[in-house]
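# Here is a sequence together with a model predicted from it:
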Amino acid sequence: MAKRQSDLPNPLPDMDAYWVPFTANRAFRKDPKLIVEAEGMYCTTHDGRRLLDGIAGLWCCNAGHRHPKIVAAVKEQLDRLDYSLAFQMSHPRAFELASRLAAISPEGLGRVFFTNSGSEAVDTALKIALAYHRVRGEGTRTRLIGRERGYHGVGFGGISVGGISPNRRMFGALIPGVDHMPHTHNLEHNAFSRGQPEWGAHLAEELERIVELHDPSNVAAVIVEPIAGSAGVLLPPKGYLEKLREICDRHGLLLIFDEVITGFGRTGAAFAAERFGVKPDIITVAKGLTSGTVPMGGVILRDDIFEAFMTGPEETIEFPHGYTYSGHPLAAAAGCAALDAYLEEGLFERARELEPYLEERLHGLRGKPHVIDIRSIGLLGAVELEPVEGRPTLRAMEVFRRCYRDGVIVRTTGDTVALTPPLIISREQIDTIVDTLASALDEA
Ligand code: PXG
């Protein structure tokens, strides 16, 4: 019988060929961190260490690792159907998942386009927005508006509307006709807010200014993360999203919520749109859609946006877009089973129930060395640290290293430490994560 990886002593593979994404490759090769097994709240490393996963993989394994229901559904699907043509033919599970997603989405958002990742979902959503205006005879609406510190994946559309400069600066002119609203992060006004900050709704008025500058007839859509994730868990100020909605309505712009991180229970509801009571026209999803088990993304849109395309001769393709693996059977099976797990186990409600506990424990870190802000909602939390002078990111990276050493995986973005655990986490496991983080901060 072949030896299982984890039975082997320190089984490091040949590491020359693989270019590890979003990673300092030379540093990684000197100090590799490989996961060889995972289950529930835990991951096992190549050198046999068991780590508590404080970030659900990369904010995606919302039902925990290798959820038995999802594993069984994927295996069963594989025994029945490996691949079905994605264009001009399809398979039942893709329809089933789309219907089930529509059922948990805000009222009126009843159509779903499948992609393989969040980046593809974003690029697809932007294309839908542009094409929608065009099919309605408003083809001058071509401009797109994003936000500083926004992360919308790594496709050309996503980095163009995105606002994280290191992700943009190496890649030329990007797509033209994009503006950015200011981000909403402000320590002076909002540090240590509990829940949504009080200050900052007025920043949404920048949208009005940009739209007036170009004239509404030239603007297609606005895309924001309801809570900026990669830029450090930035909650929307009270009233901010409502104001964006109002301005979009006034000027006929589509409002896209990128819920790749905030979807599937992270904020204690199916979507942040529901949590905040603001309805976008389009929602992008990925990650928790399959609980990270099989790659998949999707775009959920208003019925009438779909209907606007359903004109012209019936035999013509209404929207020339799609991926070989759109709605892949294994992903669709994983998606349906993930929804089963979320709903049967009440995981969205669980995130809401645990919210005050995580918030209380995290705010207990106020006063620890270098802590300059703490933010949280649902099972999404962040501790922002004062950067080391001239060495941004170093302080948080040190904290990451200490937590890893002490058995807990956290994520750093800039000098912010983020926590986004699987929604199955227990109070004791929240304690372990926060206590480990506390001693890592004390060492600073
Ligand atoms: N939109 C948002 C809001 C995201 O957070 C994407 C799009 C792109 O998804 P894909 O599946 O193409 O990666 C994301 C991805 C981190 C981190 O720790 C965040 C993401 C991915 C990896 C790491 O900040 N977000």
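Nice, thanks for sending it over.
# Please give me every residue in contact with Glu131.
I think there's a mix-up here, since residue 131 is Ala and not Glu. 309, 319 (CB atoms under 8 Å, 6 or more residues apart in numbering). Using the backbone N, CA and C atoms, a C-beta is placed for each residue, glycine as well.
# Name the helix or strand for it, please.
helix 118-135 (DSSP states H and E).
# Just after that helix, pick out the following helix or strand.
Taking DSSP H and E, what comes next after helix 118-135 is strand 143-147.
# what about that next one, near the ligand?
No - judged by CB under 6 Å from any ligand atom, strand 143-147 makes no contact with the ligand; its nearest approach is 11.2 Å.
# count of neighbours near the residue of the stretch 101-250 of the chain found nearest the ligand?
When scored by CB to the nearest ligand atom, the stretch 101-250 of the chain has Gly118 as its residue closest to the ligand, at 2.2 Å. Neighbour count for Gly118, taken as other CB atoms under 10 Å: 29.
# Please tell me I have it right and it contacts Thr284.
Yes - the pair Gly118 / Thr284 is scored as a contact, 6.6 Å apart, by CB atoms under 8 Å.
# anything in contact with each of those two?
With CB under 8 Å, 6+ apart, Gly118 and Thr284 have common neighbours 152, 258, 260, 297.
# For Pro226, see how far away the closest residue to the ligand within the stretch 251-400 of the chain is.
Closest to the ligand within the stretch 251-400 of the chain is Val260: 3.5 Å, counting by CB to the nearest ligand atom. Relative to Pro226, Val260 is positioned 11 Å away (CB to CB, to the nearest Å).
# neighbour-wise, which of the two wins?
Val260 (29 against 25).
# Flag every residue of the stretch 51-200 of the chain that's near the ligand.
58-59, 117-119, 122, 151-153.
# quick one: which of those is nearest to Gly407?
Set against Gly407, the nearest of those by CB to CB is Leu58 (18.9 Å).
# contacting residues around the helix or strand encompassing that closest one?
Using DSSP H and E, the element containing Leu58 is helix 56-59. For helix 56-59, contacts defined as CB under 8 Å, 6+ apart pick out 62, 64-65, 229, 261, 266, 287-288, 292, 411, 420-423.
# Make TSV out of the residues you listed and add distance to Val219, secondary structure and neighbour count.
Converted to TSV, those look like this (distance: CB to CB, whole Å; DSSP: H, G, I helix; E, B strand; the rest coil; neighbours: other CB atoms under 10 Å):
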residue	distance to Val219	secondary structure	neighbour count
Asn62	34	coil	30
Gly64	42	coil	26
His65	42	strand	23
Gly229	25	coil	25
Ile261	26	coil	28
Arg266	29	coil	28
Lys287	29	helix	28
Gly288	31	helix	31
Gly292	35	coil	26
Arg411	34	strand	22
Thr420	33	coil	28
Pro421	38	coil	29
Pro422	39	coil	28
Leu423	37	coil	29
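# Glu188 - that's part of a helix, no?
Yes - counting by DSSP: H, G, I helix; E, B strand; the rest coil, Glu188 is part of a helix.
# count of residues packed around it?
6.
# cool, and the one 10 residues further on?
For Glu198, the number of neighbouring residues by other CB under 10 Å comes to 12.
# Setting the sequence-adjacent residues aside, check what's closest to it.
Leaving out its chain neighbours, the residue that sits closest to Glu198 by CB to CB, 6 or more residues apart in numbering is Lys238, at 5.9 Å.
# Kindly report the same for Ser439.
Asp406 is the one closest to Ser439 (CB to CB, 6+ apart), at 7.1 Å.
# so how far is Cys61 from Ala332?
18 Å.
# gap between the two ends of stretch 316-334?
32 Å (CA to CA, to the nearest Å).
# Report the rounded mean pLDDT for it.
Taken as a whole, stretch 316-334 has a mean pLDDT of 98.
# Next: stretch 173-182.
97.
# What are the buried residues along that stretch?
The neighbour-count check on stretch 173-182 (16 or more other CB atoms under 10 Å) flags 175, 178-181 as buried.
# Mind checking which of those are in helices?
Per DSSP state H, helices hold no members of the buried residues of stretch 173-182.
# Among these, which are located in strands?
178-181 (DSSP state E).
# Output these in TSV; the columns should cover distance to Pro387.
TSV is the format used below for these (distance: CB to CB, whole Å):
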residue	distance to Pro387
Val178	28
Asp179	28
His180	23
Met181	25
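# related to what we said a few turns ago, how far away is the residue of the stretch 251-400 of the chain closest to the ligand from Asp406?
Counting by CB to CB, the gap from Val260 to Asp406 is 29 Å.
# next one: Gly137
Taking CB to CB, one finds Gly137 at 61 Å from Asp406.
# Neighbour count for these two, which is higher?
Set side by side, Gly137 and Asp406 show more neighbours around Asp406, with 16 against 7, by other CB under 10 Å.
# so how far is the ligand from that one?
Distance, Asp406 to the ligand, by CB to the nearest ligand atom, to the nearest Å: 20 Å.
# please begin residue numbering at 7 from this point
Yes, from this point I'll number from 7; that puts the last item at Asp412.
# Now that residue: phi and psi?
When read as degrees, to the nearest 10, the backbone of Asp412 gives phi -90, psi 10.
# and it, what does it touch?
So Asp412 contacts 442, 445-446 (CB under 8 Å, 6+ apart).
# Glu154 reaches His189, doesn't it?
Yes - in this structure Glu154 lies within contact range of His189 using CB under 8 Å: 4.2 Å.
# any common contacting residues for those two?
Gly169.
# contacts for stretch 305-321?
So stretch 305-321 is contacted by 107-108, 111, 114-119, 121, 127, 130-131, 134, 137-138, 141-142, 260, 287-291, 324-325 (CB under 8 Å, 6+ apart).
# Please spell out which residues along it are buried.
Buried residues in stretch 305-321 (16+ other CB under 10 Å): 305-308, 311-312, 314-315.
# In contact with the closest residue to Ile383 other than its chain neighbours: list those residues for me.
Nearest residue to Ile383, sequence neighbours excluded (CB to CB, 6+ apart): Thr273, at 5.4 Å. Applying CB under 8 Å, 6+ apart to Thr273 gives the contacts 233, 281, 357, 383-384, 386.
# Repeat the analysis, applying 10 Å as the threshold.
By CB atoms under 10 Å, 6 or more residues apart in numbering, the residues touching Thr273 are 232-233, 241, 265, 267, 279-282, 354, 357-358, 361, 383-386.
# thinking again about what came up before, which of the residues of the stretch 57-206 of the chain next to the ligand lies closest to Ala79?
Distances from Ala79 to these, taken by CB to CB, are shortest for Ser123, at 20.4 Å.
# For the closest one, give its distance to Tyr331.
With CB to CB as the criterion, Ser123 and Tyr331 are 10 Å apart.
# next one: Pro74
25 Å.
# more neighbours, these two?
Using other CB under 10 Å, the more surrounded residue of Pro74 and Tyr331 is Tyr331, with 19 against 13.
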